[in-house]
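1. Can you look at this prediction? I've put the sequence above it.
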Amino acid sequence: MPTVPDRIRWAVEAVDPQPGEQILEIGCGPGAAAQLVCERLTTGHLLATDRSAVAVNRTTGRNPQHVKAGRLTVQRTALDELKLSEDSIDKAFCVNVNLFWISHAEAELAVLRQALRSGAPLFILYGSEGPTGGDRVTALVAEAVKAAGFHTVRVVTADHGLGVISHAP
Ligand SMILES: C[S@@+](CC[C@H](N)C(=O)[O-])C[C@H]1O[C@@H](n2cnc3c(N)ncnc32)[C@H](O)[C@@H]1O
């Protein structure tokens, strides 16, 4: 079994998936977070998305048992093109997706605002290694989610990661 980076273990602990939840991941990459999330689901479901075909193949290839069981769907899409039913998602999260601090990501946050149930949490998380470590990134992310109407915005920092948790209006 491929290894799971510490930032991913930390991120999934922060998201704290519950067995029956409908969860969305943006930028699933190699599929390590999808693996940990699906291990916690029973009746729930994870929609793991990425705009890269390589990432979609890696996530699918890493988690065939969860796809087969109907717990995991992997979809190739850029977030701003994702079509989801209104109020259909209990939690959304991403790890090391730069989109939310290099721009205000208005179109992408509009997709999330529409899909998340009112009050549902959005976790925008980063590993503490590399260029995303630091207050500069979390301040920019917090500004973007507030501008998009998300509320109860909280910055989190830990040994293995940092990020912003906010809630859909
Ligand atoms: C640095 S990787 C992180 C992958 C994984 N979450 C991790 O922490 O190992 C960022 C991923 O986000 C995806 N991504 C970036 N912008 C995206 C967007 N606008 N919509 C969907 N996926 C995106 C990239 O294709 C890439 O797979």
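-> Yep, that arrived. Residues are numbered from 1 along each chain as shown.

2. Up against the ligand, what does this structure have?
-> 26-30, 49-52, 55, 78-79, 95-97, 99 (C-beta under 6 Å from any ligand atom). (Each C-beta comes from the backbone N, C-alpha and C, glycine too.)

3. now do 5 Å
-> Those residues of the chain that sit near the ligand, judged by C-beta under 5 Å from any ligand atom, are 27, 29, 50-52, 55, 78-79, 95-97, 99.

4. Now list the buried members of those.
-> 27, 29, 50-51, 55, 79, 95-97, 99 (16 or more other C-beta atoms under 10 Å).

5. Need the max-distance pair from those residues.
-> Largest separation among these by C-beta to C-beta: 51 and 95, giving 15.1 Å.

6. which ones among the buried ones among the residues of the chain next to the ligand are found in strands?
-> Counted as lying in strands by DSSP state E, out of these, are 50, 95.

7. okay, the buried ones among the residues of the chain next to the ligand in CSV with distance to residue 160 next?
-> Compiled in CSV, those are given as follows (distance: C-beta to C-beta, whole Å):
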residue, distance to residue 160
27, 18
29, 16
50, 22
51, 25
55, 21
79, 24
95, 11
96, 12
97, 17
99, 21
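
8. Looking at the buried ones among the residues of the chain next to the ligand, which is nearest residue 36?
-> residue 95 (10.9 Å).

9. just how off-centre is stretch 10-30 within its chain?
-> 6 Å (C-alpha atoms, centre = their mean, to the nearest Å).

10. what mean pLDDT would you report for that stretch?
-> Per-residue pLDDT over stretch 10-30 has a mean of 98.

11. Quick check: buried residues in that stretch?
-> So stretch 10-30, judged by 16+ other C-beta under 10 Å, has buried residues 10-12, 14-15, 17, 21-30.
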